[in-house]
Structures are given as structure tokens and as C-alpha cells.
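Student: Okay, predicted coordinates and the sequence, questions at the end:
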Amino acid sequence: MILISPQTAENLYWMGRYIQRAETMTRLVIQSFDKILDIDPDEGTRLYAKMGVELIYKTPQEFLQKSIFGLEYASLIYTIDNARENAIVTRSHLPNRMFSRINALYLKYQNAKETLPVSIFWLESTLQELDAIWGNLELSLVEAKEIPFIEFGRITERMDLNIRLYNSMEAALFDLEKLNLLGFKLTPHYKKLSLSSSNIEKTLKKINGLYYGTVITAS
């Protein structure tokens, strides 16, 4: 069992989820922007419909602005903000380099919000910064005990989005073994997750309830 306070563990878990969400959605917004320009003007609407979000736009640039700043709980700026909030409360468990990267990304979004509009090239540069956050995760963390909580959140989010956006059980199963291994590392009382249901809502509920149903309650 890894000894760390439940609240800190939860914040690390959600930091991992929000950073992964920001990375995945940034890539998809870039891909959708290109398709709206050249192939299908309704691509962005379909993308966010899979997330249960209604997005209406008239131009590719309007799609870009709304997906970054204008969708409230589904916007990229909201996701980055939440990643940073969880990083703030766990700052004593994070090295300065990692916290600084997350904080710098947050400030970049806040500054861009004041100087609209942004370009697709600006968004591509933020993707590089998100990649860098993951790239130095293991090298940067002084205390290795924090890593499994962040990784558990990261993999949970990736599984959720693969099912929610692509209906890809195959991709989720690919990550399932990694998630279960992390679970047993976090607590010996971890209940191994298995996925076999064709019901998407039921499967998503199992994935998103795993941390609170086993890791938290068993710690």
C-alpha cells in the first residue's frame, strides 16, 4: 500500500485526468478544425455531441474559439484550469519544474483569453507543452509514490474517452491491464476491474467509479 493522504491522492488522480483530457481534446480539436476546413463543416458538432455537449458554429475559427474558451465545463481552458488547481493543492508533492509547466500553460490560456482570437498554430504549440508535462513526469518527481495516483487518473481518463468518443472497447481493454496493475500497487485490497458489457453507460460507470469504489474505500 502506498501511504499518502486520501485528499492528496484524489487531487493527484484528478490532475492526471485533467491533463490527459486536455491532451486528448486538444488533438481532436486540431483534427476537427482541419476537417471542418477541407472535408466536413459539421465535424466539430459531432465531436462534442459524443461528449453530450451542443456546439454550434458558423466558421472554423468560431469552432476553434468556442472549443478553447466558450464551452464552459467542456472547454480546453476549463480543463487546464482544473489541472492547475489540483496541481496547486499538491504542490508540495510536485517538483518545481512540473508545477511550473502546468502553471505556465494555465497562464498562457488566460493571456490568450484576453487577446482573442487564437490560431490553430497557437493550439498546436500548447499541445507540445502538454506532451512535455508527461515527458518529464517520472524524471521530475522526487517522490515516486505520487506517480501511480497520477497515472491511475491518466489511464482512467484515456479509457473513458476511448469508449465515449470512439466506442472502442478494444482500446480500453489495452489499458485495462495497466490500470489493474496500478490499482494493486496503490492498495492490496484493490478489486480487479473486468470489462465485458456492451452497454456503454454501464461500462463508463464502472471505469469512472473504480478509483472511489476500490482505491479510496480500501485505503
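Tutor: It's in. Owing to the predicted nature of the structure, the values given are computational and were not obtained by experimental measurement.
Student: from here on, contacts and neighbour counts on C-alpha atoms
Tutor: Will do.
Student: and the longest helix seen in the chain, what's its mean pLDDT?
Tutor: Counting residues, the longest helix found in the chain (DSSP state H) is helix 6-38. For helix 6-38, mean pLDDT rounds to 96.
Student: what do you get for stretch 89-106?
Tutor: Across stretch 89-106, pLDDT averages out at 89.
Student: Quick check: buried residues in the longest helix of the chain?
Tutor: Applying a neighbour-count criterion of 16 or more other C-alpha atoms under 10 Å, one finds 8-26, 29-30, 32-36 buried in helix 6-38.
Student: so what does that helix touch, helix or strand wise?
Tutor: For helix 6-38, the packing partners by 3 or more C-alpha pairs under 8 Å, 6 or more residues apart in numbering; DSSP states H and E come out as helix 43-49, helix 60-65, helix 76-89, helix 120-135, helix 147-166.
Student: Compare these and report which one is nearest to L204.
Tutor: Each of those has some distance to L204 by C-alpha to C-alpha; the shortest is helix 147-166, at 6.2 Å.
Student: how about that closest one: buried residues?
Tutor: By neighbour count on 16+ other C-alpha under 10 Å, the buried set for helix 147-166 is 147-164.
Student: Check stretch 105-115 too.
Tutor: Across stretch 105-115, burial judged by 16+ other C-alpha under 10 Å covers L105, Y106, Y109, A112.
Student: And for stretch 128-138?
Tutor: The neighbour-count check on stretch 128-138 (16+ other C-alpha under 10 Å) flags E129, L130, I133, W134, L137 as buried.
Student: So which of the buried residues of stretch 105-115 are in strands?
Tutor: Taking DSSP state E, every one of those sits outside strands.
Student: Which member of those is positioned nearest A49?
Tutor: Of all those, A49 sits closest to Y109, with 24.1 Å by C-alpha to C-alpha.
Student: In contact with that closest one, which residues are there?
Tutor: Listed by C-alpha atoms under 8 Å, 6 or more residues apart in numbering, the contact partners of Y109 are I77.
Student: wait, N11 sits on R91?
Tutor: No: in this structure, N11 is not within contact of R91 by C-alpha atoms under 8 Å, at 10.3 Å.
Student: Poorly predicted segments of the protein, please.
Tutor: Where the chain drops to pLDDT under 70, the residues are 1-3, 136, 138-144, 217-219.
Student: measure the closest residue to I19 other than its chain neighbours to N208 for me?
Tutor: Spatially, and ignoring its direct neighbours in sequence, I19 is nearest to A83 (5.9 Å; C-alpha to C-alpha, 6 or more residues apart in numbering). When distance is defined by C-alpha to C-alpha, to the nearest Å, A83 is 17 Å away from N208.
Student: Thank you, goodbye.
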